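*Asks:* sequence unavailable; structure follows:
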């Protein structure tokens, strides 16, 4: 039989049926061409927006605000993070499989890169939670950081103000005050952000009653955290709830025969994130004068969000001029951690003192590292303008009384401001005696305004070294200090001829022992305790 070919199309499949002698039919099915389905791209919630995490500060009625201004395009997120004194650019983002986001942000900070990483959880369309990741180069914190709960904020809120023009540099007129280094008390070392009106009044009471005022301590200085977190409708700087009436506080301090100091920054915010004086320098100077302020500590901190260090001198110059025009004599203390060789221009911007180092700690290694590094800065000290190696830690408990005497000796030799930083209400008699030793204070307050220099040092390592420093005083007198930085008491001999000091016909007096000492062949030998000092005055 002839073979017949029957073709039939069944449900889009071609079927071929073949009949043959005693053979079973063969069915061949040809499927249609497959169409590739596109793989689904991962989708993430859109985090675009200006997000604000506002955490209340515990006692002052203000908020610690962090702004995350983010723009998302696909998986990429860009933007900025503004937190207290820091303004970061987002440089990297990574999503995980659970929809979590890691944001890495970076900024330049005093010549170095500062990086932070936030782990972000999307809670809903109007809530994100940001957890700051602990730094890998530091020990893990005892308590994990709490997440910042952020909600949407109006566009532009928390943005940086318009950058102001830095003026051409010129020499600011001398204000005529602080012919000798400032003496007083500052709140930061002991109280930090806990300082309030009652604490300041209590310190003034103590200074007026315990002999400190008579010894020369006159400034009662409020450091950071007195400010509000926003200006009033007229642009005036405001105080927070801890300081309900700054004018009344100044009047109280003045009634004790003392002076009141305050703190601000050339940046939009202070170190702790409160209002700075940026763009309001003249207005703030007038406010300070109206309140009766006598001293301004001006801390660089927040300025680095908008300016690099090359603008530092110009920004400090703006406030120097503003203080001169305020109608009140206000001591001008520059705090910029020794950056940009401030000792070369601090006086030119009107500064009465300028910080030469980073912050001190209440520890022997910190105090000595700072104090013994000041030798080369001596030429820049002069009446009205002094190097400032930071505040005193005497009485805060981290060093022994012997070490605190060395602290007082070294700072007095350096013609440094003497700003106590302890609780003046509860200090021991020995600490009060260190702070009020009038013979030692007289070295610091010498009218010549010259700073000591290192005259001799042993060949030992820094932690073992013995050193002798000399300071020329008014009327041909000298101060000579012997320091034992080693772990054991040591006999030290001061050879006056080798130091270029002629003791003939003069009195040599030990200022801690409060007695005259005798020389042998123009030399004086004393046993100096470990971490101790001997301070002599040579003069008529």
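*Replies:* Yes, it's here. No experiment lies behind these values; they were computed from the predicted model shown. Numbering: from 1, shown residues only.
*Asks:* list the buried residues of the strand ranked longest in the chain.
*Replies:* Longest among the strand segments of the chain by residue count, using DSSP state E, is strand 112-124. For strand 112-124, a neighbour-count test (16 or more other Cβ atoms under 10 Å) marks 116, 117, 118, 119, 120 as buried. To be clear about C-beta, it is placed using only N, CA and C from the backbone, and glycine gets the same treatment.
*Asks:* ok, residues contacting that strand?
*Replies:* By Cβ atoms under 8 Å, 6 or more residues apart in numbering, the surrounding residues in contact with strand 112-124 are 45, 47, 68, 81, 86, 88, 99-108, 128-133, 147.
*Asks:* what mean pLDDT does the helix or strand just after that strand have?
*Replies:* Where DSSP states H and E defines the elements, the next helix or strand beyond strand 112-124 is strand 127-132. Average pLDDT, strand 127-132: 97.
*Asks:* what angle do the helix or strand just after strand 127-132 and strand 127-132 make?
*Replies:* For strand 127-132, the following helix or strand on the C-terminal side (DSSP H and E) is strand 148-152. Orientation note: strand 148-152 sits at an angle of 140 degrees relative to strand 127-132 (axes from the mean of the first three to the mean of the last three Cα atoms, to 10 degrees).
*Asks:* re the thing from before, the longest strand of the chain pairs with which strands, and in what direction?
*Replies:* strand 101-109 (antiparallel), strand 127-132 (antiparallel) (DSSP bridges).
*Asks:* now list the buried members of the contacts of strand 112-124.
*Replies:* By 16+ other Cβ under 10 Å, the contacts of strand 112-124 give 47, 68, 81, 86, 88, 101, 103-105, 107, 128-130, 132, 147 as buried.
*Asks:* now, which of these sits nearest residue 258?
*Replies:* Closest approach to residue 258 among the buried ones among the contacts of strand 112-124 (Cβ to Cβ): residue 86, at 35.3 Å.
*Asks:* contact partners for the residue nearest to the closest one when sequence neighbours are not counted?
*Replies:* What sits nearest to residue 86 in space, not counting adjacent residues and going by Cβ to Cβ, 6 or more residues apart in numbering, is residue 107, at 6.2 Å. With contacts defined as Cβ under 8 Å, 6+ apart, residue 107 is in contact with 86, 87, 88, 89, 113, 114, 304, 305.
*Asks:* strands - which of those residues land there?
*Replies:* 86, 87, 88, 89, 113, 114.
*Asks:* adding distance to residue 460 and pLDDT as columns, could you present those in JSON lines?
*Replies:* Shown next, in JSON lines, are these (distance: Cβ to Cβ, whole Å; pLDDT from 0 to 100):
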{"residue": "86", "distance to residue 460": "41", "pLDDT": "95"}
{"residue": "87", "distance to residue 460": "45", "pLDDT": "96"}
{"residue": "88", "distance to residue 460": "44", "pLDDT": "97"}
{"residue": "89", "distance to residue 460": "47", "pLDDT": "97"}
{"residue": "113", "distance to residue 460": "37", "pLDDT": "94"}
{"residue": "114", "distance to residue 460": "37", "pLDDT": "94"}
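*Asks:* got these as JSON lines, with distance to residue 203 columns?
*Replies:* Listed next are the ones in strands among the contacts of residue 107 as JSON lines, based on distance: Cβ to Cβ, whole Å:
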{"residue": "86", "distance to residue 203": "31"}
{"residue": "87", "distance to residue 203": "34"}
{"residue": "88", "distance to residue 203": "37"}
{"residue": "89", "distance to residue 203": "42"}
{"residue": "113", "distance to residue 203": "39"}
{"residue": "114", "distance to residue 203": "34"}
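*Asks:* could you work out the most separated pair of the residues you listed?
*Replies:* Top of the distance list for those (Cβ to Cβ): 87 and 113, 13.7 Å.
*Asks:* poorly predicted segments of the protein, please.
*Replies:* Low-confidence segments of the chain (pLDDT under 70): 1-42.
*Asks:* now do the helices in it.
*Replies:* Along the chain, counting by DSSP state H, helices occupy 188-191, 197-209, 212-215, 246-255, 281-291, 312-324, 364-371, 401-413, 429-435, 438-444, 496-499.
*Asks:* would TSV of these with mean neighbour count and distance to residue 528 be doable?
*Replies:* Below are the helices of the chain laid out as TSV (neighbours: other Cβ atoms under 10 Å; distance: least, Cβ to Cβ, whole Å):
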stretch	mean neighbour count	distance to residue 528
helix 188-191	21	27
helix 197-209	19	31
helix 212-215	18	25
helix 246-255	18	39
helix 281-291	20	45
helix 312-324	23	40
helix 364-371	19	14
helix 401-413	23	10
helix 429-435	17	17
helix 438-444	20	16
helix 496-499	16	16
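*Asks:* include distance to residue 358 when you put the ones you listed into a markdown table, please.
*Replies:* Shown next, in a markdown table, are these (distance: least, Cβ to Cβ, whole Å):
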| stretch | distance to residue 358 |
| --- | --- |
| helix 188-191 | 14 |
| helix 197-209 | 25 |
| helix 212-215 | 27 |
| helix 246-255 | 29 |
| helix 281-291 | 25 |
| helix 312-324 | 15 |
| helix 364-371 | 8 |
| helix 401-413 | 16 |
| helix 429-435 | 24 |
| helix 438-444 | 22 |
| helix 496-499 | 31 |
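*Asks:* of all those helices, which one comes closest to residue 272?
*Replies:* Nearest to residue 272, of all these, is helix 188-191, at 10.2 Å by Cβ to Cβ.
*Asks:* quick one: list the elements packing against that closest one.
*Replies:* Helix 188-191 is packed against no helix or strand, with contacts defined by 3 or more Cβ pairs under 8 Å, 6 or more residues apart in numbering; DSSP states H and E.
*Asks:* out of the strands paired with strand 112-124, nearest to residue 250?
*Replies:* strand 101-109 (34.4 Å).
*Asks:* what's the domain layout of this structure?
*Replies:* What automatic domain parsing lists as the domains of the chain is 49-152, 183-451, 455-539.
*Asks:* and residue 164, which of the ones you listed is closest to it?
*Replies:* Distance to residue 164, taken as Cβ to Cβ, is lowest for domain 183-451 among the domains of the chain, at 5.6 Å.
*Asks:* phi, psi of residue 357?
*Replies:* phi -150, psi 180 (degrees, to the nearest 10).
*Asks:* hmm, back to that, mind checking the strands paired with strand 112-124 for the one nearest to residue 267?
*Replies:* strand 101-109 (12.6 Å).
*Asks:* how far is stretch 459-467 from where the chain is centred?
*Replies:* The chain centroid and the centroid of stretch 459-467 are separated by 30 Å, computed with Cα atoms, centre = their mean, to the nearest Å.
*Asks:* return the set of buried residues in it.
*Replies:* 465, 466, 467.
*Asks:* from those, pick the one nearest residue 182.
*Replies:* residue 467 (26.1 Å).
*Asks:* doesn't residue 483 make contact with the closest one?
*Replies:* Yes: with contacts counted by Cβ atoms under 8 Å, residue 467 reaches residue 483, the gap being 4.7 Å.
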